[in-house]
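In: Fold the following for me, if possible:
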Amino acid sequence: MRIAATFDGADIFQHFGKTELFRIYDTDSNVVTNSQTVSTNGKGHGELAPFLKDLGVEAVICGGVGAGMQNALKELGIKIYAGVKGNPDTAVRELIAGRLEYDSNPHCDHHDHNHEHGSEHHHG
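Out: Predicted structure coming up:
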């Protein structure tokens, strides 16, 4: 499986639509076989879902992600693991081990960051 994580150079970037870097991971039999950092080259919001699909990404690990992007990713068959913080390498290892804690029903409105996230958290 090919997994992308939003990336700020150290941690999972929390604003999907403004992501400038993705860390791309290739996995096989629950082991990471390759990883690389890919620049979005200035692509944003509506261009990011097709960008990831063109890279062969099957799943995305991210922080906040709005409803429009969620729909765009789902339409392209890309699974979303949102509400994740911390190191992307660790998050990918947790995902492929079935232990990643993520928000299965994320709601993010980038105009209001003071709201409560009242959705459920799940283990993968």
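
In: Help me confirm that residue 9 is found in a helix?
Out: No: counting by DSSP: H, G, I helix; E, B strand; the rest coil, residue 9 is located in no helix; its state is coil.

In: what about it, how many residues close to it?
Out: Using other Cβ atoms under 10 Å, residue 9 has 9 other residues around it. For every residue, glycine as well, the C-beta is placed using N, CA and C.

In: can you check the one 5 residues further on too?
Out: The burial metric for residue 14, expressed as a neighbour count using other Cβ under 10 Å, is 19.

In: I figured it was touching residue 84, is that so?
Out: No: here residue 14 does not reach residue 84: they are 9.3 Å apart, not a contact under Cβ atoms under 8 Å.

In: tell me, what's touching the two both at once?
Out: By Cβ atoms under 8 Å, 6 or more residues apart in numbering, residue 14 and residue 84 have these common neighbours: 62-63.

In: what's the burial count for the closest residue to residue 76 other than its chain neighbours?
Out: Of all residues not flanking residue 76 in the chain, residue 53 sits nearest, at 4.5 Å (Cβ to Cβ, 6 or more residues apart in numbering). Per other Cβ under 10 Å, the neighbour tally for residue 53 reads 16.

In: Residue 53 and residue 101, how far apart?
Out: Remark: distance between residue 53 and residue 101 (Cβ to Cβ, to the nearest Å) = 26 Å.

In: which element follows the helix or strand the residue nearest to residue 76 falls within toward the C-terminus?
Out: In the assignment (DSSP states H and E), residue 53 maps to helix 48-54. Next along the chain after helix 48-54, taking DSSP H and E as the criterion, comes strand 59-61.

In: For that next one, which helices and strands make contact with it?
Out: strand 2-7, strand 79-81, helix 88-96 (3 or more Cβ pairs under 8 Å, 6 or more residues apart in numbering; DSSP states H and E).

In: tell me the mean pLDDT for the last one?
Out: To tie it back to what came earlier, the one meant is helix 88-96. Per-region confidence: helix 88-96 scores 97 on mean pLDDT.

In: Good, we can wrap up now.
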